[in-house]
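Chemist: Provide a 3D model corresponding to the input given below.
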Amino acid sequence: MFPFCIPILLHCSSAPITASATTICGSDVQLSGSPNYSSYGFRYDWYKDGSPILLSDNTGTVSVNSAGNYYAIVSDACQSATSNTVTIATGAVPPAPALNSSAGTFLCNGASTTISANSSGGTVYWNTGATGSSISVSVAGDYYAWEINGCGQSANSSVVHITTGSSPAAPSISSSNGTLLCNGSQTTLTASGIDGTVNWSNGQTGASITVSTANSYYANQTNACGTSGNSNSIVITTGSSPAPPSVSSSNGTLLCNGASTTLTASGVNGTVTWNTGQTGSSITVSAAGGYYATNTNACGTSGASNTVTIATSNTPAAPSISSSNGTQLCNGSTTTLIASGVTGTVQWSTGQTGNAIAVGGTGTYYANQTNSCGTSGNSNTILIGTGGTPPAPNVTSSNGNFLCNGASTVLSASPSAGGTIQWSTGQTGNSITVTAPGNYYAWEQNSCGNSSKQ
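Modeler: Have a look, this model is predicted:
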């Protein structure tokens, strides 16, 4: 058939073929000799999976639309060669890959996550510029991918939104009403520097809580990355305004002769302030007056205590006594003894009491007086005597009643009531001497009066 061989093909021990694509993506794939020897009189017998599909092709090309392993036998009259095998697959533009993050979408405290894409056989491209089926990220942001194969490029995947965070710092807490709650009051504890859910030591949650019970309070906070350490502690104490104290005196309420007493406040749970301006649980006083105290603590001041009224005095001076009717009581009369300068109770030497007493008997009388501070010395003394009007004295003449030749006589009268003899001559005494004739008489005079004349 062939009279001679073409010298240019003496070395065609192989006849390579190429494909316009290795995947059928909706249109035919063209297989061609490379180089194409058809112009030199060679024919191509095309095979798919060992079965001929086109024989004696003198174009060196064939179009195929099904998957398989394709090759050609290239021959002329002198020689033949089998081409390489080209595998053709069927395919389509890949779907958008599905993404998955190994550590979720929230990364704490510098952690990282691996984002993986399920590939359908193409090459996965990431918006970070990376390629491959997975990437490792630790920075917050939006991550997506697409896939490219022989049929084209997929749509973008859904976005994986990565956020980052850290475990929260301990909050700081404060009290709106201080740390001492008085008389049932309450306070609001507030946490600041919040980056999560606040948990309180009493089991409550929230940025603030209201408390009225004595305790030590603190808080921590929790977010998606963990729980903080505890905040500062606030120790709440409770109390009440104090009750009024009770005041007593160590030395009673009457101070004698410059004495002093100690006033003491009991039932005290704060600072005692006295109405004198002094402070302390006790004070010493010596002046008359009303004394009371109050009690102050951090919750307020009490009402006033009972008032202790202090009086001052002295042991009384001796009284002075006098008699309304003198000191000589005549003919059964009486007198009133009166005490003056009285500042207490008058006690008489007779045992009687009172500012005045009536007496009718002979005696020595005096008094003293007593008050709460003691008994005075005795008063002056009054000596009371008793008596009566004297009887007429009996007058006698030593020389009779007739005097001769200038003689004289002694007239005598004896007092009977201790009085004084008074004579009609104006003389006094128990006797007188007379020489002249006349009527002579005498009477006795004492403190109770004059006797009749004799």
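Chemist: wait, isn't residue 98 in contact with residue 157?
Modeler: Yes: between residue 98 and residue 157 there is a contact under C-beta atoms under 8 Å: 6.7 Å. Every C-beta, even on glycine, is put in place using the N, C-alpha and C of the backbone.
Chemist: where does the chain have low pLDDT?
Modeler: 1-13, 417, 454 (pLDDT under 70).
Chemist: For the one residue sitting closest to the centre of it, give me its contacts.
Modeler: Closest residue to the average C-alpha location of the chain: residue 180 at 0.5 Å, with C-alpha atoms, centre = their mean. Neighbouring residues of residue 180 by C-beta atoms under 8 Å, 6 or more residues apart in numbering: 236, 237, 238, 239, 298, 299.
Chemist: In JSON lines: these, plus secondary structure, distance to residue 189 and neighbour count.
Modeler: Formatted as JSON lines, the contacts of residue 180 follow (DSSP: H, G, I helix; E, B strand; the rest coil; distance: C-beta to C-beta, whole Å; neighbours: other C-beta atoms under 10 Å):
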{"residue": "236", "secondary structure": "strand", "distance to residue 189": "8", "neighbour count": "20"}
{"residue": "237", "secondary structure": "strand", "distance to residue 189": "14", "neighbour count": "13"}
{"residue": "238", "secondary structure": "strand", "distance to residue 189": "15", "neighbour count": "16"}
{"residue": "239", "secondary structure": "strand", "distance to residue 189": "18", "neighbour count": "17"}
{"residue": "298", "secondary structure": "coil", "distance to residue 189": "19", "neighbour count": "12"}
{"residue": "299", "secondary structure": "coil", "distance to residue 189": "20", "neighbour count": "18"}
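Chemist: Show me the beta-bridge partners of residue 226.
Modeler: residue 223 (DSSP bridges).
Chemist: I should have written residue 396 there, sorry.
Modeler: residue 412.
Chemist: dump the residue contacts of the spatially closest residue to residue 152 that is not a sequence neighbour.
Modeler: Distance criterion C-beta to C-beta, 6 or more residues apart in numbering; nearest residue to residue 152, sequence neighbours excluded, is residue 93 at 3.9 Å. Counting by C-beta under 8 Å, 6+ apart, residue 93 touches 25, 149, 151, 152, 153, 154.
Chemist: Between which two of those residues is the distance greatest?
Modeler: 25 and 154 (12.9 Å; C-beta to C-beta).
Chemist: ok, those two, which is more surrounded?
Modeler: residue 154 (21 against 15; other C-beta atoms under 10 Å).
Chemist: quick one: that one from residue 115, how far?
Modeler: 16 Å (C-beta to C-beta, to the nearest Å).
Chemist: and which of the contacts of residue 93 is nearest residue 260?
Modeler: For these, the nearest to residue 260 is residue 154 (108.3 Å; C-beta to C-beta).
Chemist: The closest one and residue 114, how far apart?
Modeler: Taking C-beta to C-beta, one finds residue 154 at 21 Å from residue 114.
Chemist: swap in residue 186?
Modeler: In terms of C-beta to C-beta, residue 186 sits 53 Å off from residue 114.
Chemist: for residue 217, same thing?
Modeler: Distance from residue 217 to residue 114, by C-beta to C-beta: 44 Å.
Chemist: of the two, who's got more company?
Modeler: residue 217 (22 against 12).
Chemist: ok, the nearest residue to the more buried one once chain neighbours are set aside - how many residues close by?
Modeler: Excluding its sequence neighbours, the residue lying closest to residue 217 (C-beta to C-beta, 6+ apart) is residue 234, at 5.1 Å. Look at residue 234: counted by other C-beta under 10 Å, it has 19 neighbours.
Chemist: thought residue 234 was touching residue 173?
Modeler: Yes: between residue 234 and residue 173 there is a contact at 5.9 Å, judged by C-beta under 8 Å.
Chemist: overlap in contacts of these two?
Modeler: With C-beta under 8 Å, 6+ apart, residue 234 and residue 173 have common neighbours 189, 217, 218.
Chemist: Return the member of these nearest to residue 53.
Modeler: residue 218 (84.8 Å).
Chemist: so the closest one touches residue 236, yeah?
Modeler: No: look at residue 218 against residue 236 with C-beta under 8 Å: they stay out of range, at 11.4 Å.
Chemist: Using neighbour counts, pick out the buried residues of stretch 140-147.
Modeler: 143, 144, 145, 146, 147 (16 or more other C-beta atoms under 10 Å).
Chemist: Dig out what the closest residue to residue 345 other than its chain neighbours forms beta bridges with.
Modeler: Nearest non-adjacent residue to residue 345, counting by C-beta to C-beta, 6+ apart: residue 370, 5.0 Å away. In this entry, residue 370 is beta-bridged to residue 345, residue 375, by DSSP bridges.
Chemist: Cool, thanks, signing off.
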